[in-house]
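Colleague: Sequence and predicted structure, then a few things I'm wondering about:
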Amino acid sequence: MDKNYSLDLSTISKELTLLLAVLGNENNGKKLSIKNELFTDINWDEFLQLTRHHRVYPLVYSKIKYIEEELIPSHVIQILYQEYKKNTYQMLQLSGEMDLISKLFNENEIRLLFLKGPVIAEEIYGDISLRTSKDLDILISKGDLKKVEKILLNQGYEREEVPATLYDWKWSKHHESYFHTQKKIQIEIHWRLHPAPTKEPSFNELWERKRISLLTNYPVYYLGDEDLFLFLVAHGARHGWFRLRWLVDIDKMIRKRIITRKNGLFKNNQLNYLGRQAIVLSFQLLNTPINEEVQSLTEGKRTRKLAQLTIVYIIEMGRIHFNESKDLLTTYQKHQPHTIKSKLEKSFVLNLYQFSIKSNLQKFVMFIQLLYPSSADVKTLKLPKPLHFLYFPLRPFLWAWRITRKTV
């Protein structure tokens, strides 16, 4: 990568800067080598909020406990330790359920691939306690969907009904969610890796390249090396990498040399601009070591433009998720204007990012969807059913109203 190139990180808070420094430091059981000045005037409540929002608190605890005691309050380490313990218990519970589901599906001749969860934590981090997972994501062949639902319902799961939007786009759906009220476990059943329209390998192709994990008593199947990397890249990019956990996954995989000239990612040019964006972000934010053969992938205006837009996305989406927590925004608010103009500009940037990462077909679909009313429009202005047609001409005005009225 060009040593003179760097992302503009001037808008991120001191707390986020410290968090990135911790996540990007490979201590390997030794004291972290982080500059002491990064610990100056840190709002530790805000730092803890960020570790929760980005779902990285177990990994942060595993690293931060090696920091010199005078640099970090003991209560911060204790809180992170409690979060780490809770996550370890949850991952063990999910591992047990993963074992059970894998056994049930195989007994019913249903092929399944685990997309995330404990098996991915074990593969990427080498320890299931170091990554968080709120559910189990499972990929199946769409033809097995009815059989899968019957099995899950018999096991006490209930399908989670998603409220229908004003104009529902059912064809773009790619998963169904199920929840067990007693076990408090959620399972997402996918028949596609990503929402349509997206070009992706068929289930049979993914199955041929699958790997097997012996993490549990019963064999568990998951995506091959390259397929997993591309899936995580596309998932993280689609969400603007607003949770750093997704980027840490990429960092860990790059450190394992998943990208080399010997594999298909390089040979078949599968590592498109989204993959290149992920490499730039990982290098710039997490200090991921990039070898010479990967450096050429980080060049290009589009790649770097997307990476810079992501910084705005990470900050803005973090604010949206914590808009009830004024303390979390203190540092950011001191340096940012909150005029109507600034709100519209930020909204434009967020939408520009989502538009920029899409293919031409996806851009066309996005444009059509923007013309159609959404559930947010209905919440903003309730109209009787005979007048629903008015949502079409009113849509831009309702959108502008929501943006300018939001608390920043």
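Modeller: Ah, there it is. Residues are numbered from 1 along each chain as shown.
Colleague: Please give me every residue in contact with Pro73.
Modeller: Residues counted as contacts of Pro73 (CB atoms under 8 Å, 6 or more residues apart in numbering) are Trp44. Using the backbone N, CA and C atoms, a C-beta is placed for each residue, glycine as well.
Colleague: i'd like the first residue to be 575 from this point on
Modeller: Noted, 575 is the first residue going forward, which turns the last one into Pro647.
Colleague: do you know how far it is from Asn861?
Modeller: 25 Å (CB to CB, to the nearest Å).
Colleague: what's the answer for Lys757, then?
Modeller: For Lys757, the distance to Asn861 (CB to CB) stands at 39 Å.
Colleague: what's the answer for Ile888, then?
Modeller: 17 Å.
Colleague: Compare neighbour counts for the two and give me the winner.
Modeller: Ile888 (22 against 15; other CB atoms under 10 Å).
Colleague: what's the helix or strand for the more buried one?
Modeller: helix 875-895 (DSSP states H and E).
Colleague: Does that helix pack against any helices or strands, and if so which?
Modeller: helix 618-627, helix 847-860, helix 900-909, helix 914-930 (3 or more CB pairs under 8 Å, 6 or more residues apart in numbering; DSSP states H and E).
Colleague: Leu727 should be in a helix, yeah?
Modeller: Yes - according to DSSP: H, G, I helix; E, B strand; the rest coil, Leu727 belongs to a helix.
Colleague: ok, now which ones touch it?
Modeller: Contacts for Leu727 were tallied using CB under 8 Å, 6+ apart; they are Arg733.
Colleague: coming back round to it: lowest average confidence across the helices and strands packed on helix 875-895, which one?
Modeller: Ranked by mean pLDDT, those end with helix 900-909 at the bottom, a mean of 39.
Colleague: low-confidence ranges in the stretch 875-982 of the chain?
Modeller: 892-921, 977-982 (pLDDT under 70).
Colleague: how many neighbours does Leu924 have?
Modeller: By other CB under 10 Å, the residues close to Leu924 number 18.
Colleague: That one contacts Glu890, correct?
Modeller: Yes - the pair Leu924 / Glu890 is scored as a contact, 5.8 Å apart, by CB atoms under 8 Å.
Colleague: all helices of the stretch 675-824 of the chain, in order?
Modeller: Counting by DSSP state H, counting those that start in this stretch, the stretch 675-824 of the chain has helices at residues 692-699, 719-728, 777-782, 799-812, 818-829.
Colleague: now the longest one against helix 875-895, angle please.
Modeller: With axes from the mean of the first three to the mean of the last three CA atoms, to 10 degrees applied, the angle from helix 799-812 to helix 875-895 works out at 60 degrees.
Colleague: The last one now?
Modeller: Our comparison of helix 818-829 with helix 875-895, counting by the same axes, to 10 degrees, yields an angle of 140 degrees.
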